[in-house]
Each structure stands twice: as structure tokens, then as C-alpha cells.
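Engineer: Model the following, please.
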Amino acid sequence: MKNNETIRIAIAETSVIVRCGLTAALKRLPNLKIQPIELLSVEALHDCLHTQFPEMLIVNPAFGDYFDVNKFREDTAGKKIRLIALVTSFVDGASLSKYDESISIFDDLEVLSKKIHTLLNVTIEEEEIDSPDTLSQREKEIVICVVKGMTNKEMAEKLFLSIHTVITHRRNISKKLQIHSAAGLTIYAIVNKLVALSEVKNL
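Structural biologist: Here you go, the predicted model:
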């Protein structure tokens, strides 16, 4: 999955108000092209998983009386569909731990955006199996941030990543390129046209 592709997110929720509200919210998220798929029955969910292959499924844990996470994982093994619990009422924390993430009807757009971005980054990183000396798109973004003098914390916030993930990317970049300094990365970024020379002069 590339960053400019449309992301299919299925929403399994029987309440039309909640379902339509979440659909509207997903369409308003910045820097994402989302195609929401509204599902109001277990049959519709079953059909969707076999015909449309969404990248993510947002589901009310009470969907269809009880949503069986383990059965979902078995049925979709190998498809890498991220599973997000849609919390509309009290839900036991132990059951939520089976999901990749959870969102609440009280979350604002910024929280929703961060959670979707984080899950997308995980998916993209898993799919980008590059040759040892080739940087992934995410690693190129990290290099640009390093060249601009950003801290790990600033990179994490800008790219919607955890600081741990940023550090892991930086370690992988050093191993791939055998470059261990910001100056070396700056030269690499200029030579490979990741940044313009004029941008570096202005730093």
C-alpha cells in the first residue's frame, strides 16, 4: 500500500447515526484518501471480507450480538486486515486487548487521525520489503527530517509514529547506507534528490 492510494475502511455498526457519523469523520481526515464501506449486518460484513478486502475493519464489539475476534483472525489469515474496536459503551478492557486498536465515539478528529495513521504505518512497513540497500518511503521521510535537524520526538509527531519506531528506522537507515552521521545523510539526501541544495543552505 502506498501513501497516495485509497484506503478501504469497513465500518460494522448497526446504529445508522454512529455509522454515518464515523463515515463523515473518516472522510474529513487530512492527508488520507479513505473509502468508507458501511456494514449494518453480519451478512454484509461476511460479503465485504470476501469481495472488497478492506485494509481496516472498525467494528462494534457488540456487532451481531458478539463479534468473535478469534474467528475473524482465522477467517482473514494472511489478509493483514487491521481490526479496530468501536467503543460506544462500556467494554471490558480484556476483550479490547484482542484488537489492533480501539476508538471511542468521544475521540476527536486528531485522535482518530493519529490512530489510523499509526495502523497504516505498520501496514506499510510490513509490506515494504525492500532490498538491503534501498530505503523505504518511510525511511526516506526520516532522512529528510534528520537533514532538517528535527529531533526524534519532532519526527514522531510529524510522521505519526512512536519515538521507538523512529529510532528503529534510523538504526535501519544506518545499517542499509553505512552512514552514521547527520552530515553524511545530508550528502546522501542531496545526491539522491531527497532534498534540494537550496533547502540545506537555508538550514
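
Engineer: and the residue positioned nearest the centre of the chain, what element?
Structural biologist: Centroid check for the chain by C-alpha atoms, centre = their mean gives Leu120 as the closest residue, at 1.8 Å. Assigned by DSSP states H and E, Leu120 belongs to helix 109-127.

Engineer: which element follows that helix toward the C-terminus?
Structural biologist: helix 137-147.

Engineer: Can you give the distance from the helix or strand following that next one to the centre of its chain?
Structural biologist: Next helix or strand after helix 137-147 toward the C-terminus (DSSP H and E): helix 152-159. In terms of C-alpha atoms, centre = their mean, to the nearest Å, the centre of helix 152-159 is found 15 Å from the chain centre.

Engineer: and the next element down the chain from helix 152-159?
Structural biologist: helix 163-177.

Engineer: CA atoms only: put the next helix or strand along the chain from that following helix into PDB for me.
Structural biologist: Using DSSP H and E, the helix or strand that follows helix 163-177 towards the C-terminus is helix 182-191. Taking Å, rounded to 0.1, in the frame of the first residue of the first chain, the C-alpha atoms of helix 182-191 are listed here in PDB:
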ATOM      1  CA  ALA A 182      23.700  13.700  10.000                       C
ATOM      2  CA  ALA A 183      26.300  15.300   7.700                       C
ATOM      3  CA  GLY A 184      26.600  12.000   5.800                       C
ATOM      4  CA  LEU A 185      22.800  11.700   5.500                       C
ATOM      5  CA  THR A 186      22.600  15.300   4.200                       C
ATOM      6  CA  ILE A 187      25.000  14.500   1.400                       C
ATOM      7  CA  TYR A 188      23.100  11.300   0.600                       C
ATOM      8  CA  ALA A 189      19.800  13.200   0.600                       C
ATOM      9  CA  ILE A 190      21.200  15.800  -1.800                       C
ATOM     10  CA  VAL A 191      22.800  13.300  -4.200                       C
END
